[in-house]
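> Sequence below, structure please.
(one chain, ligands or ions: 2)
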Amino acid sequence: MSGNFKTEQLRSVALVGHGASGKTSLAEALLHACGVISAKGRVDKGNTVCDYDAQEKEAGHSLNSAIVNFDYEDTRIHLIDSPGYPDFAGQAIAALAGVDTVLVTVNAQTGIELMTERMMRHAAERKLCRMIVINKIDAENLDLPGLVNDIRERFGKQCMLLDLPAHGGADVVEVLEHVTGDADFASVAAAHQALIDQIVEEDEDLLARYLEEGAEPGLADLHAPFEKALREGHLIPILFVSAKTGAGIKELLHVLATLAPNPAEGNPPPFYKGEPGAGSVAFQAEPDAAKHVLAHVFKVVADPYMGKLGIFRVHQGTLKKDMQLFVGDGKRPFKVAHLYLVQGKDLVEVEQLLPGDIGAVAKVEEIDFDCVLHDSHDEDHIHLVPLEFPKPMAGLAVETKKKGDEQRLFDILGKLAMEDPTFVVERHPTSNETVIRGLGEIHLKAKLEKMASQYKLEVDTKPPRIPYRETITGSAEGIHRHKKQSGGAGQFGEVHLRIEPKERGEGFEFVDAVKGGVIPGVFMAAVEKGIRQGLEGGVVAGYAVDDLKVTVFDGKTHAVDGKEVAFVVAGRKAVIEAIRAAKPIVLEPIVQIEITVPENAIGDLTGDLASRRGHITGTDAKGNSMAAISGEVPLAELNDYQSRLKSLTGGKGSYTIEFARYAAVPPTIQQQLASKFQLPWTTWPT
Ligand SMILES: Nc1nc2c(ncn2[C@@H]2O[C@H](COP(=O)(O)OP(=O)(O)OP(=O)(O)O)[C@@H](O)[C@H]2O)c(=O)[nH]1
Ligand SMILES: [Mg+2]
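Ligands and ions are numbered 1, 2, ... in the order given. Below you'll find the model as predicted:
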């Protein structure tokens, strides 16, 4: 049972925000205030509920999201603590699929930071109700009015005070229910008035009565318009807390219990039915306990003791122990042998979960990140609109230290990839490399450490091959006749084709424009196969050719010698001939880079980035003598960047990269790459 709580009494909240803004400490303070733990743990002591992982204790910050729940004022609150470092953003973004409310924490000492902005944006894109929680109000030398101004400037006037610090930050005064009170800055009456004015705007009748009668609406009348304002993004409440002293914690809990949306009050999650591109329609889950079950898995954990754990949010229906559930479009159901609530590292067995609950099932191999669990084939083909994750670009080629460990390496990498949507494993048959990709070097290092500590597997690493591509900039024709008559049965096939460039990212298009059956239908598939082989192998420097249209418009066969193999070869050679004549170029991946550095290192950094063929698109002072630099740079220039950044900034700099686009390499680099490549004509069948 989820206690005796009904869906209306459930709240789901994600704590997101920049690293070290105090999310894990805040989760600890909330658990303590609700009596779940008898004493608050500390991140630096490694005894918090949410940073329970050995690696997190060692690092002193969160690496994974963690899930807890606590009860307050007749509500059950499910809370997801997420990591704040940009390298671990995958876990923070994934948490958004589990909740109705997002609390974006801001460190009162450092103000708005990179992940504050990113997570505000991600939460807005998902139309989630947002609140800003300013933490560490106990600290010295703060400029809280200045920070509130910054927030309103950056995120809009709809960011409004819902409480104010009082008595030098020792506590706070809530301003929706209170009209007067002492605050450290701003007036309680003015903040109250501004909030009421904003809320009544949401309800025409209420507004009309308010304007006519002048009497302020009661709290009960304000509830619905408050929810509407949150849902529509017309109101982003600002709250103040100190996770350390406990200031503002009760008030935050009261807001979560009385004002954070219940599952029916938030915007419905964006489900759709059907398959992408094949006529899908929006689907609205109803948080009704009596309907069919629909739950969405937003986190998967490869637990060393419990096996594969699928952590989900229930969106519809009642999930019960012993019931049968389907995974996605799977035909065979699995039995829910055990149903759990998750409390940090602990799983607490329950009998049932309701819409709005967050829970887990263990040992179900079919479960994958982002899958949907349901109890009837009526709910097949339902998906959640995918979250937008940054594309992992930082790469390392890995190799086992011990021979014979290769299969274990794959199994372990598979588990790591299963847990993290921003960690991928690539296998490159041409270079025989296994490449792991993540959001930054710190991200990859954490994975390597996990492999060593949890799975006891040591690997060697080196920079990976850059995923160059080739394309054409002009049009051309290619003709090839493949004819073999020496001994035995002959081979014959002739192909005439034309190639034209397509827009970047449009891929490969094959058109059969042959008239009068000069290439019989049965051999056309062979021609296409040969063309694809030609593109795959590359022409200029050995990288796959992409973004072009190939039209086969003529050819010839032979009554006896016309053979599939002959058309494969003719297709391949004709397309290569055409590409060589169509001004081919080599493309390289360009990444968007975000670098956080001490202000005094900006000059050195921009110079260094320029020497790497990069350019700066923005520099932003962060106030606390740190600056954020954004720019674009070719991925090929970043192999040693972490250590370079370390030496340029005395260890204080950090960076993340995200795929931006493909762009042509400069001619000198194209020549270098081409000089190492030779078309393997000699090894081909002729
Ligand atoms: N003075 C003060 N320090 C705090 C407060 N809350 C957290 N801290 C300290 O700030 C540091 C970071 O706290 P965490 O709770 O780990 O922050 P986090 O947001 O979870 O960090 P990540 O997991 O890296 O995203 C720790 O040293 C905490 O002790 C607070 O209210 N006041
Ligand atoms: Mg944390």
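
> ranges for the strands of the stretch 201-350 of the chain?
Per DSSP state E, counting those that start in this stretch, the stretch 201-350 of the chain carries strands over the ranges 236-240, 271-273, 281-283, 294-303, 307-316, 319-320, 324-327, 334-335, 339-343, 346-350.

> between these, which one is nearest to ligand 1?
strand 236-240 (10.2 Å; CB to the nearest ligand atom). In short, each C-beta sits where N, CA and C put it, glycine included.

> State which one residue of the protein is found closest to ligand 1.
Gly84 (2.6 Å).

> Could you list the contact residues of this structure toward ligand 2?
Lys23, Thr24, Ser62 (CB under 5 Å from the ion).

> Neighbour-wise, which one of the residues you listed leads?
Lys23 (33 neighbours; other CB atoms under 10 Å).

> State the pLDDT value of it.
Among the per-residue scores, Lys23 shows a pLDDT of 98.

> ok, it touching Tyr85?
No. Taking contacts as CB atoms under 8 Å, Lys23 lies outside contact range of Tyr85: 11.3 Å.

> Now stretch 488-495: buried residues?
By 16 or more other CB atoms under 10 Å, the buried positions in stretch 488-495 come out as Gln491, Phe492, Gly493, Glu494, Val495.

> and the first one, what does it touch?
This means Gln491. His482, Lys483, Lys484, Gln485, Asp561, Lys563, Val565, Ala566 (CB atoms under 8 Å, 6 or more residues apart in numbering).

> Which pair of these spans the longest distance?
For those, the maximum inter-member distance is 14.0 Å, found between Gln485 and Val565 (CB to CB).

> More neighbours: those two, which one.
Between Gln485 and Val565, Val565 has the larger neighbour count (other CB under 10 Å), namely 14 against 10.

> now that one, nearest residue through space, not along the chain?
Using CB to CB, 6 or more residues apart in numbering and skipping the chain neighbours, the partner closest in space to Val565 is Gln491 (6.2 Å).

> you'd agree Thr551 is up against Val511?
Yes. Counting by CB under 8 Å, Val511 is a contact partner of Thr551 at 4.2 Å.

> Looking at these two, which is more packed in?
More neighbours surround Thr551 than the other of Thr551 and Val511, with 16 against 13 (other CB under 10 Å).

> Compute the mean per-residue pLDDT across the helix or strand hosting that one, please.
Following DSSP states H and E, the helix or strand that holds Thr551 is strand 548-556. Averaged over strand 548-556, pLDDT sits at 97.

> Quick check: which helices or strands does that strand pack against?
strand 491-501, strand 508-512, helix 521-537, helix 564-581 (3 or more CB pairs under 8 Å, 6 or more residues apart in numbering; DSSP states H and E).

> tilt between the last one and helix 521-537?
Going back to what we said before, that points to helix 564-581. Following axes from the mean of the first three to the mean of the last three CA atoms, to 10 degrees, one obtains 40 degrees for the angle between helix 564-581 and helix 521-537.

> buried ones in helix 564-581?
Result for helix 564-581 [16+ other CB under 10 Å]: buried residues 564, 566-579.

> Nearest to ligand 2 among the residues you listed?
Ile579 (51.3 Å; CB to the ion).

> Would you mind confirming that that closest one is in contact with Ile499?
Yes. The criterion here is CB under 8 Å, and Ile579 meets it with Ile499 at 6.6 Å.

> Need the overlap of contacts for those two.
What both Ile579 and Ile499 touch, as defined by CB under 8 Å, 6+ apart, is the set Ile472, Ala476, Gly478, Leu548.

> Quick one: neighbours of the last one, just the number.
The one in question is Leu548. 24.

> Run through the protein and note the low-pLDDT ranges.
1-3, 277, 429-431, 622-624, 680-686 (pLDDT under 70).

> quick revisit: so which of the shared contacts of Ile579 and Ile499 belong to helices?
Among the shared contacts of Ile579 and Ile499, the subset assigned to helices under DSSP state H is empty.

> JSON lines please, covering those residues and showing distance to ligand 1.
Output for the shared contacts of Ile579 and Ile499, formatted as JSON lines (distance: CB to the nearest ligand atom, whole Å):
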{"residue": "Ile472", "distance to ligand 1": "46"}
{"residue": "Ala476", "distance to ligand 1": "54"}
{"residue": "Gly478", "distance to ligand 1": "56"}
{"residue": "Leu548", "distance to ligand 1": "45"}
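
> Among the residues you listed, find me the one that's closest to Gly521.
When these are compared against Gly521 (criterion: CB to CB), the nearest one is Gly478, at 21.3 Å.

> For burial, what's the neighbour tally of the residue nearest to Phe271 when sequence neighbours are not counted?
Computed as CB to CB, 6+ apart, the closest residue to Phe271 that is not its neighbour in sequence is Phe283, at 4.3 Å. The tally of other residues near Phe283 (other CB under 10 Å) stands at 18.

> list the contacts for Phe283?
By CB under 8 Å, 6+ apart, the neighbours of Phe283 are Phe271, Tyr272, Lys273, Ile382.

> Roughly how far does it sit from Leu319?
18 Å (CB to CB, to the nearest Å).

> Run the chain-centre distance for the strand holding Thr551.
41 Å (CA atoms, centre = their mean, to the nearest Å).

> can you check stretch 531-539 too?
33 Å.

> for that stretch, which positions count as buried?
Ile531, Arg532, Gln533, Gly534, Leu535, Gly537, Gly538, Val539.
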